[in-house]
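Give me a model of this one.
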Amino acid sequence: MTLINNLIRKGYLVSPSLLKEKDFDENIINKIENLKEKPLVINKDIYKFFKDENLSFDVSISWKEFDKSRVDCEKNKNSDDYKIFLEILNYKDEKNKIKIKNIIKQISKPEKLELENESIIIPNVITVKTYSENIKKREVQDFVQHFRARYNSLKNILINRPELSGCISINRVLNKNNGDGVSIIGLIMNKSITKNGNILFEVEDLTGKINCIIGKNKKELYNFSQDLLLDEVVGIIGTYLDNALFINNMLLPDIPNNNQLKKVDEDCCAAFTSDIHIGSRVCLEKEFINFVEWLNCNYGDEQQREIASKVKYLFLVGDLVEGVGIYPNQEKDLLIKDVKKQYDRLAELLGKIRKDIFIILIGGNHDSLRLAEPQPKLNYSYAKSVYELENVIILTNPSMVNIHSSKNFDGFNILMYHGSSFHSVYENVDSIRLNGGLDRVDLIMRYLLQVRHLAPFHNSVQYIPEADDDFLVIDKVPDFFVSGDIHKANAMNYKGVTMLNCSCWAEQTEYMEKRGIIPDPGKIFVVSLKTREIKMLSFVEK
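Residues are numbered from 1 along each chain as shown. Now for the predicted structure:
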């Protein structure tokens with residue numbers, strides 16, 4: 001017990017799990033004391049890690065993050081990060097060095113270099129928001145709690161609007177006098193047209209529900225409200241009369257007005273693409289290889305190669321492989337019929353990209369993932385070869401990352417979402433359906449920013465209800481909102497946010513035709529982080 005007593009004297013907490021160890025090694029204290037950042041609690045996993053004398057490479061672990069992840073796991077809040085740390089501690093094989101470094105890179109915030117008190121901006125990627133799966137049986141109550149969490153998240157956004165500073169709960173509205181002006185924040189339960197042609201909303205909050213009416217004579221408000229969908233959370237300002245609220249104005253959560261695009265002084269770029277569909281017979285692999293060669297400054301004219309030399313980040317927004325069994329009779333469209341081999345080929349291609357480029361990727365509906373959103377990271381058993389690439393960061397769908405931050409610059413927040421909800425949104429929002437539909441993905445993305453949700457109504461996507469948090473709420477305003485799925489290149493700036501729907505690397509299949517997808521393949525976006533200028537380059541010869 002000498003080791004345990006010495007650890008306690010030096011200020012460490014000792015887990016009861018360590019008491020079961022029979023053979024104690026006093027050298028472990030020296031190893032721990034020599035760490036720049038030390039763990040607070042010493043348990044059997046940490047003990048075994050430092051006891052191993054055959055650990056042939058250095059691993060710099062954030063022990064504060066380790067302790068935090070352990071506490072979250074014990075409280076049943078999040079077990080994924082703790083599992084990752086345990087995975088690091090239990091790896092002893094030199095062959096797994098790259099994987100461990102890649103895992104650490106995803107969960108540790110990079111240091112910011114300083115020289116003579118001046119901050120040096122270096123390429124870096126910090127995970128701002130990524131999904132941690134809570135594996136459990138879902139009950140009806142989980143759906144109730146899920147929508148309550150959604151309501152509270154969006155209410156907290158709306159309540160900061162000056163027009164809603166005096167809003168009250170619905171149960172208090174019902175005690176008001178006729179003619180009183182009131183404002184509320186509620187979730188739309190039902191929507192219908194009355195026999196007089198007015199629009200009737202049934203709106204609820206956590207205290208009750210109330211009918212809200214827009215008269216057909218209020219043309220602008222009437223037209224605005226026609227695009228509103230069930231389950232959206234809105235702010236309503238109106239007049240109370242006979243147990244109903246006659247609406248004078250409606251407010252969406254929306255993002256704040258900001259016409260200034262964030263920029264950095266350094267002349268560098270980020271590239272964006274999606275939907276590679278490796279393994280499909282119609283995958284444009286030759287063209288994608290040309291894109292890889294361009295990133296390596298070996299393809300294109302002199303000006304194009306100069307642009308490539310400035311690329312520091314590459315974003316791949318889902319459907320990296322074609323997958324297997326995604327739709328009926330898919331096998332006739334497959335060139336590679338083993339999903340693991342599809343990922344091996346993807347890793348082979350990505351592995352050719354120069355190593356000073358960070359590759360940040362998420363999965364999509366064709367990848368080795370469940371369809372229900374949020375989607376977790378790629379399945380390691382299938383995509384092991386991709387995980388082993390040292391400059392690749394694998395995240396969930398959706399995720400948000402921060403890139404290129406420094407002491408004097410807070411970096412760019414990039415919201416990545418593959419886009420499975422886009423089809424349902426365009427079919428249900430009249431103003432989008434009647435103004436281009438899937439050809440105007442920018443309108444879909446703008447709508448999602450306005451309602452601050454990636455799948456705003458119940459059946460827009462399959463989803464996993466979480467009691468504490470609706471992960472598809474856009475609670476943090478991004479600098480870039482990037483998506484794929486539709487297979488067309490589309491760009492637009494909205495209130496300081498650059499919206500990019502990325503092109504693909506596949507020609508049309510019969511399945512795409514049935515879904516109304518007409519691809520415009522082989523195009524990539526390159527955005528200058530210094531000027532925010534968007535360039536689109538094509539790798540398909542006409």
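
how about the nearest residue to residue 518, chain neighbours excluded?
Closest residue to residue 518 apart from its sequence neighbours, by CB to CB, 6 or more residues apart in numbering: residue 508 at 6.5 Å. Just so you know, the C-beta spots here come from the backbone N, C-alpha and C atoms, and that holds for glycine as well.

for residue 316, same thing?
Nearest residue to residue 316, sequence neighbours excluded (CB to CB, 6+ apart): residue 361, at 3.9 Å.

Against which helices or strands is the host helix or strand of that neighbour packed?
Here residue 361 sits within strand 358-362, counting by DSSP states H and E. The contact analysis (3 or more CB pairs under 8 Å, 6 or more residues apart in numbering; DSSP states H and E) places strand 358-362 against strand 311-317, strand 392-394, strand 399-403, strand 412-416.

And the average pLDDT for the helix or strand that comes right after that strand is what?
For strand 358-362, the following helix or strand on the C-terminal side (DSSP H and E) is helix 380-387. Regarding helix 380-387, the rounded mean pLDDT is 92.

again, but for stretch 415-422
Along stretch 415-422, the predicted confidence averages to a pLDDT of 95.

go on, stretch 323-339?
Rounded mean pLDDT across stretch 323-339 is 87.

Over to stretch 304-312?
For stretch 304-312, the mean per-residue pLDDT is 94.

got it, and stretch 223-235?
Per-residue pLDDT values across stretch 223-235 average out to 94.

so where's the stretch 101-250 of the chain shaky on pLDDT?
Applying pLDDT under 70 to the stretch 101-250 of the chain flags the ranges 101-123.

Do you have the strands of it handy? List them.
114-115, 118-119, 125-130, 181-193, 199-204, 209-214, 233-241, 244-251 (DSSP state E, counting those that start in this stretch).

Go through those and name the closest to residue 525.
strand 125-130 (18.1 Å; CB to CB).

With respect to residue 45, which of the strands of the stretch 101-250 of the chain lies nearest?
Evaluated with CB to CB, the strands of the stretch 101-250 of the chain place strand 125-130 nearest to residue 45, the distance being 23.0 Å.

that older thread, want to throw the helices and strands packed on strand 358-362 into a markdown table with mean neighbour count?
Shown next, in a markdown table, are those (neighbours: other CB atoms under 10 Å):
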| stretch | mean neighbour count |
| --- | --- |
| strand 311-317 | 24 |
| strand 392-394 | 22 |
| strand 399-403 | 23 |
| strand 412-416 | 24 |
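
could those strands go into CSV alongside distance to residue 503?
Shown next, in CSV, are the helices and strands packed on strand 358-362 (distance: least, CB to CB, whole Å):
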stretch, distance to residue 503
strand 311-317, 11
strand 392-394, 21
strand 399-403, 21
strand 412-416, 16
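
how about the strands of the stretch 101-250 of the chain in a markdown table, adding mean neighbour count?
A markdown table is the format used below for the strands of the stretch 101-250 of the chain (neighbours: other CB under 10 Å):
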| stretch | mean neighbour count |
| --- | --- |
| strand 114-115 | 9 |
| strand 118-119 | 12 |
| strand 125-130 | 19 |
| strand 181-193 | 18 |
| strand 199-204 | 19 |
| strand 209-214 | 19 |
| strand 233-241 | 20 |
| strand 244-251 | 17 |
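
secondary structure class for the nearest residue to residue 138 once chain neighbours are set aside?
Residue nearest to residue 138 in three dimensions, not counting chain neighbours: residue 465, with 6.0 Å by CB to CB, 6+ apart. Judged by DSSP: H, G, I helix; E, B strand; the rest coil, the three-state class of residue 465 is coil.

what's the spacing between residue 366 and residue 242?
53 Å (CB to CB, to the nearest Å).

picking that back up, which one of the helices and strands packed on strand 358-362 lies nearest to residue 515?
Relative to residue 515, the nearest member of the helices and strands packed on strand 358-362 by CB to CB is strand 311-317, separated by 17.8 Å.

Now do the next helix or strand along the chain from that closest one against helix 380-387, angle only.
Sequence-wise, the next helix or strand downstream of strand 311-317 (DSSP H and E) is helix 339-350. Between the axes of helix 339-350 and helix 380-387, defined by axes from the mean of the first three to the mean of the last three CA atoms, to 10 degrees, the angle is 10 degrees.

can I assume residue 262 is in contact with residue 493?
No - using CB atoms under 8 Å, residue 262 makes no contact with residue 493, being 11.4 Å away.

the more surrounded of these two?
Using other CB atoms under 10 Å, the more surrounded residue of residue 262 and residue 493 is residue 262, with 17 against 14.

Now do the contacts for residue 488.
The neighbourhood of residue 488, defined by CB atoms under 8 Å, 6 or more residues apart in numbering, consists of 438, 439, 441, 501, 503, 504, 518, 519, 520.

same question, residue 459
residue 424.

Compare the helices and strands packed on strand 358-362 and give me the one nearest residue 225.
The closest of the helices and strands packed on strand 358-362 to residue 225 is strand 412-416. By CB to CB, the value is 26.8 Å.

what helices or strands is the closest one leaning on?
Under the contact definition 3+ CB pairs under 8 Å, 6+ apart, strand 412-416 sits against strand 311-317, strand 358-362, strand 399-403, strand 480-483.

how about those, which one is nearest residue 186?
Checking those against residue 186 by CB to CB gives strand 480-483 as the closest, at 26.2 Å.

Can you list the strands that the closest one pairs with?
Strand 480-483 has the following sheet partners, assigned by DSSP bridges: strand 412-416 (parallel), strand 497-501 (parallel).

looking at the helices and strands packed on strand 358-362, which is closest to residue 237?
Smallest distance to residue 237 across the helices and strands packed on strand 358-362 (CB to CB): 29.5 Å, for strand 412-416.

Now do the buried residues in the following helix or strand past the closest one.
Note on strand 412-416: by DSSP H and E, the next helix or strand toward the C-terminus is helix 422-428. Burial within helix 422-428, assessed by neighbour count using 16 or more other CB atoms under 10 Å, is assigned to 422, 423, 424, 425, 426, 428.

Residues touching the helix ranked longest in the chain, excluding its own?
Ordering each helix of the chain by length in residues (DSSP state H) puts helix 140-158 first. Here helix 140-158 makes contact (CB under 8 Å, 6+ apart) with 164, 185, 187, 205-206, 231, 233-235, 251, 253, 452-453, 465-470, 473, 475.

quick one on the thing from earlier: need the strands paired with strand 480-483 in JSON lines (columns: distance to residue 292).
Output for these, formatted as JSON lines (distance: least, CB to CB, whole Å):
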{"stretch": "strand 412-416", "distance to residue 292": "20"}
{"stretch": "strand 497-501", "distance to residue 292": "20"}
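
Select, out of these, the one closest to residue 218.
When these are compared by CB to CB, strand 497-501 sits nearest residue 218, at 29.7 Å.

Report the inter-axis angle for the closest one versus strand 311-317.
Here the directions of strand 497-501 and strand 311-317 differ by 60 degrees (the same axes, to 10 degrees).

I'd like the next helix or strand past strand 497-501.
That would be, after strand 497-501 and using DSSP H and E, helix 510-514.

for the next helix or strand after that following helix, what is the average pLDDT?
Going down the chain from helix 510-514, the next helix or strand is strand 523-528, by DSSP H and E. The average of the pLDDT scores along strand 523-528 is 96.

Can you name the residues in contact with strand 523-528?
Under CB under 8 Å, 6+ apart, the answer for strand 523-528 is 267-273, 291, 307, 310-311, 480, 489, 491, 498, 500, 502-503, 533-540.

make it 6 Å
With contact meaning CB atoms under 6 Å, 6 or more residues apart in numbering, strand 523-528 is reached by 269-273, 307, 489, 500, 503, 534-538.

roughly how far apart are residue 236 and residue 423?
For residue 236, the distance to residue 423 - CB to CB - is 29 Å.

The nearest residue to residue 252 once chain neighbours are set aside: what secondary structure?
Spatial nearest neighbour of residue 252, chain neighbours left out: residue 450 (4.9 Å); criterion: CB to CB, 6+ apart. Here residue 450 is recorded as helix under three-state DSSP.

Tell me how many other residues surround the residue nearest to residue 316.
Residue 361 has 28 neighbours, counted by other CB under 10 Å.
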